[in-house]
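A.B. asks: 3D, please:
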Amino acid sequence: MSSEPHTIFPAQARWEGPGTSRIPFKVYTDEALHRKELERFFYQKHWCYVGLEAEIPNAGDFKRTAIGERSVVMVRDAGGGINVIENVCAHRGMQFCRERSGNRKELVCPYHQWNYSLKGELQGVPFRRGVKQDGKVHGGMPADFDPAEHSLNKLKVATRGGVVFASFDHGVEPFEDFLGPEILAYFDRLFDGRKLTLLGYNRQRIPGNWKLMQENIKDPYHPGLLHTWFVTFGLWRADNKSELTMDARHRHAAMVSTRGQAGKAGQVTQVSSFKESMQLEDPRFLDIVPEPWWGGPTAVMMTLFPSVILQQQVNSVSTRHIQPAGHGAFDFVWTHFGFADDTEEMTQRRLRQANLFGPAGFVSADDGEVIEFSQQGFEQKPFHRALAELGGREVGNTDHMVTETLIRGMYQYWREVMEHGDAPQDKAGG
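C.D. replies: Modelled structure (predicted):
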């Protein structure tokens, strides 16, 4: 009797009924589904995170990054405008930008020296008029060659509060509509118009499906179980005053938490990750100073589907960019930032607290490891399914953390788009 996967599994993921509380492992392991996800979530009808304006403060500054699995360049032109350009030369298709960042007066492909403006417009083509030799002109582009028809692929750009998003789809809905009013309010709480300052980066390759990082931040109760640091020092506990809010389509979410008991963890002996004897060698890691813009919550973690997590965890603020690399891995780029009006003491505090995060962070190292182990389990047993039924099987906002409702909500949206191609413009157009 054959046990080959292709004789057992259908081309699409098989869900147990119309709900999303039982997630097929195939959602994480099927390469064809992954390619479809890239098209429907990263390349069509969605805004994706690109970077911060503070990363390219001057004319000619650029940053190479990615949307989905496509390389793009964010660049500031001479007029101060921000452009996002696909990193593919219009001539022979080379990824012309190889540096991670820098400053250029123009963009030049090293292969054949095609030259573009900082807006992506073709400016020069070597030997366009041919080469004159012995009274004859050899070669050259055809007489009807029009440089205006051979610009780089320019993406639609949206900036808000110093953050840059872009879309390959020029018909994408307005950025504010994409977020929705509930999530936009939390976005504007963090990016409230103050000038941002760049503090640094962490980068890692995580061997797991890209959606697992979205799930990880939409899972509000694991930090008090998995993360010894969080539970022992009381930064994030399941019984903290909290709120979980989604946009109307359940793709984006905000996890809002307020630290209680003056940061003490109390007795949590039923949780094995709690280590009562653990002490900090440097108590400044808990040197937390409330900031006026918080408005109460000590932590707000926003997941903007599909590409980014926006983090405020006490005084540490950062963006976390998800860049898929096949169905079983993704690059994860943390951009730590502050504000131009920060004191030097606050800047140092933000940097110290950033040690909780990144690939070797006191907290985030745990997440990278469990995502890797989860992916290994999915690949081992691809016909099985995950269970996300804590708090019920329904989808909705809550005022507590003991729930997986945000994960169910994300997959409700995932099924809508993957199975029906449904996105906001489709609904609006009937």
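A.B. asks: hey, where'd the helices end up in the stretch 251-400 of the chain?
C.D. replies: Under the criterion DSSP state H, counting those that start in this stretch, helices of the stretch 251-400 of the chain are mapped to 344-353, 364-380.
A.B. asks: what's next to the shortest one, contact-wise?
C.D. replies: Counting by CB atoms under 8 Å, 6 or more residues apart in numbering, helix 344-353 makes contact with 197, 199-200, 282, 284-285, 287-289, 313-317, 336, 338, 342, all of which sit outside it. For glycine as for every other residue, the C-beta is placed from the backbone atoms N, C-alpha and C.
A.B. asks: Then the longest one?
C.D. replies: Identification of contacts with helix 364-380 by CB under 8 Å, 6+ apart yields 25, 28-29, 204, 206-209, 212-213, 216, 226-227, 328, 332, 356-359, 384.
A.B. asks: Out of the residues you listed, which end up buried?
C.D. replies: For the contacts of helix 364-380, a burial check counting by 16 or more other CB atoms under 10 Å picks out 25, 28-29, 206, 208-209, 212-213, 216, 226-227, 328, 332, 356-358.
A.B. asks: before we move on, the earlier item: sort out which of the contacts of helix 344-353 are buried, if you could.
C.D. replies: For these, a burial check counting by 16+ other CB under 10 Å picks out 197, 199, 285, 288, 313-317, 336, 338, 342.
A.B. asks: of all the residues you listed, which two lie farthest apart?
C.D. replies: Greatest spatial distance in these: 197 and 285, 21.4 Å, computed using CB to CB.
A.B. asks: Cross-check the contact I'm expecting between residue 400 and residue 242.
C.D. replies: Yes. If you go by CB atoms under 8 Å, residue 400 and residue 242 touch, sitting 6.1 Å apart.
A.B. asks: These two: which is more packed in?
C.D. replies: It is residue 242, of residue 400 and residue 242, that has more neighbours when counted by other CB atoms under 10 Å, with 21 against 16.
A.B. asks: Residue 157 belongs to a helix, doesn't it?
C.D. replies: No. Under DSSP: H, G, I helix; E, B strand; the rest coil, residue 157 falls outside any helix and is assigned strand.
A.B. asks: just use 195 as the starting number from now, easier for me
C.D. replies: Yes, from this point I'll number from 195; that puts the last item at residue 351.
A.B. asks: Next, the contact list for it, please.
C.D. replies: Residues counted as contacts of residue 351 (CB under 8 Å, 6+ apart) are 244, 276-278, 358-360.
A.B. asks: And the pLDDT for residue 201?
C.D. replies: With respect to pLDDT, residue 201 has a value of 37.
A.B. asks: The one 4 residues further on now?
C.D. replies: pLDDT, the model's per-residue confidence, is 49 for residue 205.
A.B. asks: Alright, calling it a day.
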